[in-house]
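J.: make a model of this:
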Amino acid sequence: MVPVDVHLLAVRDGERGPEVLLSRRAGGVYASGLWHLPSGHVDGAFEDIVIALLREALEETGIVVDPADVRSAVTVHHRSPAGGPRIGVFFEVRRWRGTPQVMEPEVCDAMGWFGFDELPEPMVAYCRAGLDAYRAGAHGRALSGTRRPDRLRPDPRPDAADPRPGQPRHRP
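T.: Presented below is the predicted three-dimensional model:
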C-alpha cells in the first residue's frame, strides 16, 4: 500500500493578495529546517483523508476546520528521498476557528503567512511543486513525479531543474 499524506493549504486574504500558512520543520524529523505546509500521515486503514486533515490541522496549528470547508486542491504522487512511493493530497481551507500557532514545538520551530509570490526557502521540493500547481490554478490536478526519488530541496542549478512533475524532461 502506498502511504498517503494530507497537506493543509490554509489560505487567507492578505494586504497584497492571498497568503498561505507554512511551518518550518524542526528537531529529528524528516526535512528539519525546511518550510512545509502543515501536514501529516493518514493514520491507518480506518481514518479517511478529510478526518486526517482535520486532525493534523488541530494537532499542528490549533485551528478547528469544519469538514464542509475542505476543498480538494492538488494531488502529488512522488517518491520519498529513500525511493518509496507516496501520495500527498493537498486540501484548500479558507475558513476555520482559532488562530494558527505552533502546537508541536518539538517538530516545528516557526509558522507564518506567506504570499504565493514570496514563499520562503528552503522548502520541501514536493510541497513546492504542489503549491506551484495550486497557484497556477491547477485545482483538482494530479501531479506525478515518481520516476526518481525526491530531493529534499529543489536543485538550484538551472541545468538540473526538474520539469513539473509528470512532464517529460527534454534535453537539447
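
J.: please count neighbours and contacts with C-alpha atoms only from this point.
T.: Noted.

J.: how many residues are close by G17?
T.: By other CA atoms under 10 Å, 11 other residues sit near G17.

J.: which one is it nearest to, not counting chain neighbours?
T.: G115 (6.8 Å; CA to CA, 6 or more residues apart in numbering).

J.: if I read this right, the one you found contacts E15, doesn't it?
T.: No - if you go by CA atoms under 8 Å, G115 and E15 don't touch, sitting 9.5 Å apart.

J.: quick one, which of these two is more surrounded?
T.: Between G115 and E15, counting by other CA under 10 Å, G115 is the more crowded of the two (18 against 8).

J.: buried ones in stretch 117-132, by neighbour count?
T.: By neighbour count on 16 or more other CA atoms under 10 Å, the buried set for stretch 117-132 is 119, 122-132.

J.: kindly export that stretch (C-alpha atoms) in CSV.
T.: The C-alpha coordinates for stretch 117-132 follow below in CSV (Å, rounded to 0.1, in the frame of the first residue of the first chain):
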residue,chain,number,x,y,z
ASP,A,117,4.9,35.1,-4.8
GLU,A,118,7.0,35.3,-1.6
LEU,A,119,7.4,31.7,-0.4
PRO,A,120,10.3,31.1,1.9
GLU,A,121,13.3,29.0,1.2
PRO,A,122,14.4,26.4,1.7
MET,A,123,11.2,24.4,1.1
VAL,A,124,10.4,20.7,0.8
ALA,A,125,10.5,20.1,-3.0
TYR,A,126,7.2,18.2,-3.5
CYS,A,127,5.4,20.7,-1.2
ARG,A,128,6.7,23.5,-3.5
ALA,A,129,5.5,21.5,-6.6
GLY,A,130,2.0,21.2,-5.1
LEU,A,131,2.0,24.9,-4.1
ASP,A,132,3.1,25.9,-7.6
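
J.: and it, how far out from the chain middle?
T.: Centroid displacement of stretch 117-132 relative to its chain, using CA atoms, centre = their mean, to the nearest Å, is 8 Å.

J.: tell me the average confidence for that stretch?
T.: Here stretch 117-132 scores 93 as its mean pLDDT.

J.: need the helices for the protein, in chain order.
T.: In the chain, helices defined by DSSP state H lie at 49-61, 125-135, listed in chain order.

J.: can you redo those as CSV with distance to P3?
T.: Converted to CSV, the helices of the chain look like this (distance: least, CA to CA, whole Å):
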stretch, distance to P3
helix 49-61, 12
helix 125-135, 15
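
J.: A110 is nearest to which of those helices?
T.: Between A110 and the helices of the chain, the shortest gap by CA to CA is with helix 49-61, which sits at 10.8 Å.
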